[in-house]
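J.: Provided below are the primary sequence and the corresponding predicted coordinates.
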Amino acid sequence: MLSSEEIKDILYSTIESIGNKRIRCDITSNIDLAGKYIDLIMAECVTKMDLERSARDKDETIAVLCEALLHFMLTVCSLPSERKIQVKDNLSIDVVVPSITSLSRTPDKSIIIEIVRNKADLNRIGELELLQPNYKNIWLISVTPFSTRCRIYGLSHERQLFDNIFSNIITDINNFLKESGDKSLRLIH
């Protein structure tokens, strides 16, 4: 498997080849373009990675790529979020929107986003439900489809596999924040 650093290097070289400033300007003027860029960046990165060579690690490699791309897009879009939050000794959260404080005070106005890297991560869903009692506000990103009552974002555009597509996640986060009345400060690039 490629290391996290190698995956991030591929991601950021792809972003630079497309044009970091171009991506930022386009998405700042129209957040709905985030989906187009997510699809484009993912496709180019996957092409650059030799995933057939390490097929057994393919899902985990793509999950790491998704997480890094999600962090980049959240930053580009200036969407309020906190990342890699250690909640307990044995529990961390990949992303909370808009903040961990909001999650503890008003869980209905907060989202937990978790990247499912392997089958062991599925065991953590029950712990996440203790933090976020509204299971509809637990969003999971996965390469492989599975059954849960939480919202799952998949990397396949085939609707029969996933109800939600990863490339739509930024638009969905933005819509969620609008609907929940979030007033967080957002910087315009």
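T.: All right, it came through fine.
J.: enumerate the positions of stretch 63-76 that are buried.
T.: With burial defined by 16 or more other CB atoms under 10 Å, the residues of stretch 63-76 counted as buried are 63-74, 76. (Each C-beta comes from the backbone N, C-alpha and C, glycine too.)
J.: I meant to write stretch 8-28 there.
T.: Residues 8, 10-11, 14-15, 23-24, 26-27 are the ones in stretch 8-28 that count as buried (16+ other CB under 10 Å).
J.: still on that earlier bit, can you redo the buried residues of stretch 63-76 as TSV with secondary structure and distance to Ile152?
T.: As requested, these are arranged in TSV below (DSSP: H, G, I helix; E, B strand; the rest coil; distance: CB to CB, whole Å):
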residue	secondary structure	distance to Ile152
Ala63	helix	13
Val64	helix	18
Leu65	helix	17
Cys66	helix	13
Glu67	helix	15
Ala68	helix	19
Leu69	helix	17
Leu70	helix	14
His71	helix	19
Phe72	helix	21
Met73	helix	18
Leu74	helix	19
Val76	helix	24
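J.: and Glu114, which of the three is it?
T.: strand (DSSP: H, G, I helix; E, B strand; the rest coil).
J.: what's the local residue count around it?
T.: Summarising burial for Glu114: neighbours were counted as other CB atoms under 10 Å, giving 21.
J.: who are the neighbours in contact with it?
T.: With contacts defined as CB atoms under 8 Å, 6 or more residues apart in numbering, the neighbours of Glu114 are 93-95, 121, 124-125, 128, 138-141.
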